[in-house]
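Colleague: Let me see the structure of the following:
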Amino acid sequence: MGKSILEEKTASKDTLVLKDESILELEAGAGLSDMRVKVKDAGEMAEVFGRLTDGNLSQFTVKNSKGVVAAVYEHCTLAGMNASPLKDGIMCSISIREKSDTELRLEQLEQEVGQLTGRAGSEKEE
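Modeller: Now for the predicted structure:
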């Protein structure tokens with residue numbers, strides 16, 4: 001999937017730079033819980049939604065209109081995304097939140113169990 005709609009369009013807006021280096025141009029942002037991205041149609045909205053994975057939100061930055069890093073975030077997840085129709089597109093309201101300590105620990109445990117299970121499976125095959 002290309003970065004066509006996600007690439008920086010102008011230097012006059014804040015941007016959200018995801019871990020995979022996709023860039024979302026922010027129309028407005030009042031913090032993690034309310035970031036807004038304008039798209040032209042449902043296809044672009046689906047592409048934005050598809051980029052907001054836990055992997056891409058595991059580490060991302062917000063840059064101001066001058067390209068200076070304003071904030072760096074880690075261990076986040078998508079809390080929700082709403083869409084509102086506009087005359088010339090769709091306004092996506094994105095809500096991101098930091099993962100809880102419990103969620104982070106559960107992910108770590110799942111990864112460790114997966115590694116152990118993988119080793120146990122390969123040992124049985126030998």
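Colleague: Tell me where the model's unsure across the protein.
Modeller: For the chain, applying pLDDT under 70 flags the ranges 1-11, 29-30, 119-126.
Colleague: Show me the residue at the heart of it, geometrically.
Modeller: Taking C-alpha atoms, centre = their mean as the criterion, residue 52 is the residue nearest the geometric centre of the chain, at 3.2 Å.
Colleague: Run through who's touching stretch 78-97.
Modeller: 27, 32-42, 44-45, 48-49, 52-54, 57, 73, 76-77 (C-beta atoms under 8 Å, 6 or more residues apart in numbering). In this view, the C-beta of every residue, glycine as well, is placed from N, C-alpha and C.
Colleague: rerun at 6 Å
Modeller: 32-33, 35-40, 45, 48-49, 52, 76 (C-beta atoms under 6 Å, 6 or more residues apart in numbering).
Colleague: Taking these, tell me the two that lie furthest apart.
Modeller: Within those, 40 and 76 form the most distant pair, 26.2 Å apart (C-beta to C-beta).
Colleague: And those two? Which one has more around it.
Modeller: Taking other C-beta atoms under 10 Å, residue 40 and residue 76 do not tie; residue 76 has more neighbours (18 against 12).
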